[in-house]
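J.: Fold the following and give me the result.
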Amino acid sequence: PIGIIGTVQDITERRRAELMLREAEAKYRALVEQMPAVTYMDAADDASTNLYTSPQIQEMLGFAPQEWTTDAELFTKRLHPDDRERVLDEHRRTNATSEPFGMEYRLIARDGRVVWVRDEAVVVRDESGRPQFWQGVMLDVTERKRAEEAVRQNEDRFRSLVQNASDIVTILDVDGTIRYDSPAIERVLGYEQAERVGKPASEYIHPEDVEQAKASFAQALELRGVRPPLEFRIRHRDGSWRYVEVTRTNLLDDPAVRGI
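T.: Below you'll find the model as predicted:
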């Protein structure tokens, strides 16, 4: 050997591009791993094959991301028994059609907790339109579902109280039109529950008591809260007159009632 022949290439742009790529990857990884939701990627031809799950899955369900990637049955096993079939059916359907997936369902955490999630995913395609993978986000909506269930239970409770109360509960619009009568209307005054709806309440009040009742109603419109009891006569369905004691409560500001 009498020497060495070498070449030198300027790779500044390539190194700059690699650096920018690493910085972008680090930025988006930090974004994905800090957002308050689990992000994931599944195989395009089989949504049960997990390619990536973000670290938030550990906090949400107590499983490491690698467990979701290596155990193809883990997702199915952690589905709540009451939700399993409908979720898997939707997985199969959207996997066949490539339509977006979106459902709310329950998962069982490692410690036995029931976690409600909102799961949404779409198929990511390449430039030629071929499916590459499913990309999804899973959000913990347990607290919202608990709040909704509490509201539903309260509604059921109060509906039962109103439906079974011995007193009549009537809701009037601001013009005095009857918007609702509770079932007690049939037992006390003989009318079917929906029979008086849409008619003026004054139509059922004794002519001698109408002015007093209207003045009391006008006062109730102006003053919020419960007004003192008032007695007047209301016509029974059989034509007779019955003395009733009426307590008026202004609930115009209550979005659930918006009436007297």
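J.: Following element in sequence after the longest strand along the chain, please.
T.: With residue count as the measure and DSSP state E as the assignment, the chain has strand 114-125 as its longest strand. Proceeding N to C from strand 114-125, the next assigned helix or strand is strand 131-140, under DSSP states H and E.
J.: Now do that following strand and strand 114-125, the angle between them.
T.: Calculated by axes from the mean of the first three to the mean of the last three Cα atoms, to 10 degrees, strand 131-140 forms an angle of 160 degrees with strand 114-125.
J.: Can you give me the buried ones in strand 131-140?
T.: Of all the residues in strand 131-140, those buried under the rule 16 or more other Cβ atoms under 10 Å are Phe133, Trp134, Gln135, Gly136, Val137, Met138, Leu139, Asp140. Every C-beta, even on glycine, is put in place using the N, C-alpha and C of the backbone.
J.: Could you list every helix and strand that the next helix or strand after it packs against?
T.: Scanning forward in sequence from strand 131-140, with DSSP H and E defining helices and strands, the next element found is helix 142-164. The criterion is 3 or more Cβ pairs under 8 Å, 6 or more residues apart in numbering; DSSP states H and E, and the helices and strands that helix 142-164 contacts are strand 114-125.
J.: ok, which stretches of the stretch 151-260 of the chain are strands?
T.: For the stretch 151-260 of the chain, the strands identified by DSSP state E, counting those that start in this stretch occupy 170-172, 178-181, 225-226, 230-235, 241-246, 249-250, in order along the chain.
J.: With mean neighbour count, mean pLDDT and distance to Glu148 as extra columns, can I get the ones you listed in a markdown table?
T.: Written out in a markdown table, the entries for the strands of the stretch 151-260 of the chain read as follows (neighbours: other Cβ atoms under 10 Å; pLDDT from 0 to 100; distance: least, Cβ to Cβ, whole Å):
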| stretch | mean neighbour count | mean pLDDT | distance to Glu148 |
| --- | --- | --- | --- |
| strand 170-172 | 18 | 93 | 24 |
| strand 178-181 | 18 | 93 | 24 |
| strand 225-226 | 10 | 76 | 29 |
| strand 230-235 | 16 | 93 | 39 |
| strand 241-246 | 14 | 94 | 35 |
| strand 249-250 | 16 | 90 | 27 |
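J.: right, and the ones you listed - which one's nearest Pro207?
T.: Shortest separation from Pro207 across the strands of the stretch 151-260 of the chain is recorded for strand 230-235, at 9.3 Å, computed as Cβ to Cβ.
J.: and the closest one, what does it pack onto?
T.: Strand 230-235 makes packing contacts with helix 210-222, strand 241-246 when contacts are defined by 3+ Cβ pairs under 8 Å, 6+ apart.
J.: got the angle for it vs helix 210-222?
T.: Going by the same axes, to 10 degrees, strand 230-235 makes 120 degrees with helix 210-222.
J.: Now the buried residues of strand 131-140 in JSON lines, please, with extra columns for distance to Val115 and pLDDT.
T.: Shown next, in JSON lines, are the buried residues of strand 131-140 (distance: Cβ to Cβ, whole Å; pLDDT from 0 to 100):
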{"residue": "Phe133", "distance to Val115": "24", "pLDDT": "91"}
{"residue": "Trp134", "distance to Val115": "21", "pLDDT": "93"}
{"residue": "Gln135", "distance to Val115": "21", "pLDDT": "91"}
{"residue": "Gly136", "distance to Val115": "16", "pLDDT": "91"}
{"residue": "Val137", "distance to Val115": "15", "pLDDT": "93"}
{"residue": "Met138", "distance to Val115": "10", "pLDDT": "93"}
{"residue": "Leu139", "distance to Val115": "11", "pLDDT": "93"}
{"residue": "Asp140", "distance to Val115": "6", "pLDDT": "94"}
